[in-house]
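In: need a 3D model of the following:
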Amino acid sequence: MKNENRIYLSPPYLSGIEKGYILDALDSGWIAPLGPHVEAFEKEICEYVGVKYGLATSSGTAAIHLALKYVGVKEGDLVFCSTLTFAGTCFPILYEKAIPVFIDSEPETWNMSPEALEKAFYWAKKEGKLPKAVIVVDLYGQSANYDKLLPICEYYKVPVIEDAAEALGASYKGRKCGSFGYIGIFSFNGNKIITTSGGGMVVSNDEDAIKKMRFWATQAREPVRHYEHKEIGYNYRMSNICATLGRAQLKDIEYRVKRKKEIYYRYKEAFKDLSIQMMPIFEEGEPNYWLSVMTIDENCNVTPDAIINGLEKNNIESRPVWKPMHLQPIFSKFRYFEHDTDVSKTLFEKGICLPSGVNLNEEEQSVIISLIKSIFKGDRYE
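Out: As a prediction, the model looks like this:
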């Protein structure tokens, strides 16, 4: 029987305290553009992540753009980037007319492969042109292997921009994601573990970096009475109203991580006898389990499309794993370095993201599990 109420992949979760924060902003008159909640949200995220300075932005993509500009990326420069990610990670490379070079995933974490990164640096050195930055993604809320990746980048003296858009609340060896790069970024889009309805943040321990990015994000307005501009600026700031949502949602971040972890392990237990592997959990880290992602074993007759279509017919949203950037038409002309085989391509072909919302209840998850088991048994599922 088809679900009457649609089950979404990762809908916003409201704890109930958001309304009080929004009313406070309305009562104070600070509805636009900036205001005290923006400054407070920046401070609270920094304290939570363990970095000194933050800048709230209109999106995670805007945050990456500012970071690339700050490290000096210009036309014709190389930027190394994880291939298995959302396009917002690498579109800003093209904004600056730079050249992306995509790096494959490793099987252990699905994050950037240190082996592939070594190959890319070896090639770049031979070409006599090192990258201006390396963008490392913490995929689906799981930390990359920083003990291996950072020394490689440090050896070549290339700054790391950590794309922790999906990983607020995750950690690696007890240290929060977002704090490993010279600059880190977060997204607060509607499907993230906390949301500001749309927004992002740049964080860094370099005060000058945040000051300069704050200047660019507010239309590069010079500090004079009239409007004076000597550089290109952007309208990239977060509004005071949006920041209220972020502040309220950050209050129960640990509960959100706990619920998503429970959902992941319930799927894992339910599918243990099927030809399904859940995304591996990196033993050095603690994910935020943003999305529960599974892959279907190589020789299994069930396809991801069969599962996605079967769930959709029952009013349940799921989706494929990110299509790697080196396979996207707009990026396919750029260079790509594999792990040993094309790991990210295989994950895309065999992977499915399952409903993982904080408010997914036990009954709804049981329906999802039963449907997937039915598909594997070859039963009817419509």
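In: show me the contacts for the residue nearest to Lys97 when sequence neighbours are not counted.
Out: Among residues not flanking Lys97 along the chain, Glu75 sits closest, at 3.9 Å (C-beta to C-beta, 6 or more residues apart in numbering). Yep, even glycine has a C-beta here, placed from its N, CA and C like the rest. Contact analysis of Glu75 by C-beta atoms under 8 Å, 6 or more residues apart in numbering lists Glu96, Lys97, Ala98.
In: and Glu317, what is it in contact with?
Out: Contact partners of Glu317, counting by C-beta under 8 Å, 6+ apart, are Arg6, Ile7, Tyr8, Leu9, Leu311, Pro355.
In: may I see the buried residues of stretch 285-298?
Out: Neighbour-count burial for stretch 285-298, counted by 16 or more other C-beta atoms under 10 Å, picks out Gly285, Glu286, Pro287, Asn288, Tyr289, Trp290, Leu291, Ser292, Val293, Met294, Thr295, Ile296.
In: after the host helix or strand of Gly246 comes which helix or strand?
Out: Assessed by DSSP states H and E, Gly246 sits inside helix 240-250. On the C-terminal side of helix 240-250, the closest following helix or strand by DSSP H and E is helix 253-270.
In: run through who's touching that next one.
Out: With C-beta under 8 Å, 6+ apart, helix 253-270 has contacts from 13, 15, 48, 141, 168-170, 193-194, 249, 278, 287-290, 292, 294, 354, 356, 358, 360, 365, 369, 373.
In: tell me where the model's unsure across the chain.
Out: 1-3, 379-382 (pLDDT under 70).
In: where do the helices of it begin and end?
Out: 18-28, 36-49, 60-70, 91-95, 114-127, 146-155, 207-217, 240-250, 253-270, 304-312, 343-350, 362-377 (DSSP state H).
In: quick check: buried residues in stretch 308-326?
Out: In stretch 308-326, counting by 16+ other C-beta under 10 Å, buried: 308, 310-311, 314, 316-326.
In: and of those residues, the nearest to Ser187?
Out: Trp322 (13.8 Å; C-beta to C-beta).
In: isn't the closest one right up against Leu84?
Out: Yes: contact criterion C-beta atoms under 8 Å: Trp322 and Leu84 qualify, at 5.6 Å.
In: anything in contact with each of those two?
Out: With C-beta under 8 Å, 6+ apart as the test, Trp322 and Leu84 both reach Leu139, Phe348.
In: pull the number of nearby residues for Ile45.
Out: 22 (other C-beta atoms under 10 Å).
In: same thing with Lys373?
Out: 16.
In: which residue is the nearest non-sequential neighbour of it?
Out: Per C-beta to C-beta, 6+ apart, closest to Lys373 is Leu274, 7.0 Å.
In: looking at the helices of the chain, spot the one closest to Tyr234.
Out: Between the helices of the chain, helix 207-217 lies closest to Tyr234; by C-beta to C-beta that is 5.8 Å.
In: centre of the chain to that closest one, how far?
Out: Helix 207-217 sits 22 Å away from the centroid of its parent chain (C-alpha atoms, centre = their mean, to the nearest Å).
In: what residues of that helix count as buried?
Out: The neighbour-count check on helix 207-217 (16+ other C-beta under 10 Å) flags Ala209, Ile210, Lys212, Met213, Arg214, Phe215, Trp216, Ala217 as buried.
In: show me what it is packed against.
Out: The contact analysis (3 or more C-beta pairs under 8 Å, 6 or more residues apart in numbering; DSSP states H and E) places helix 207-217 against strand 53-57, helix 60-70, strand 200-204.
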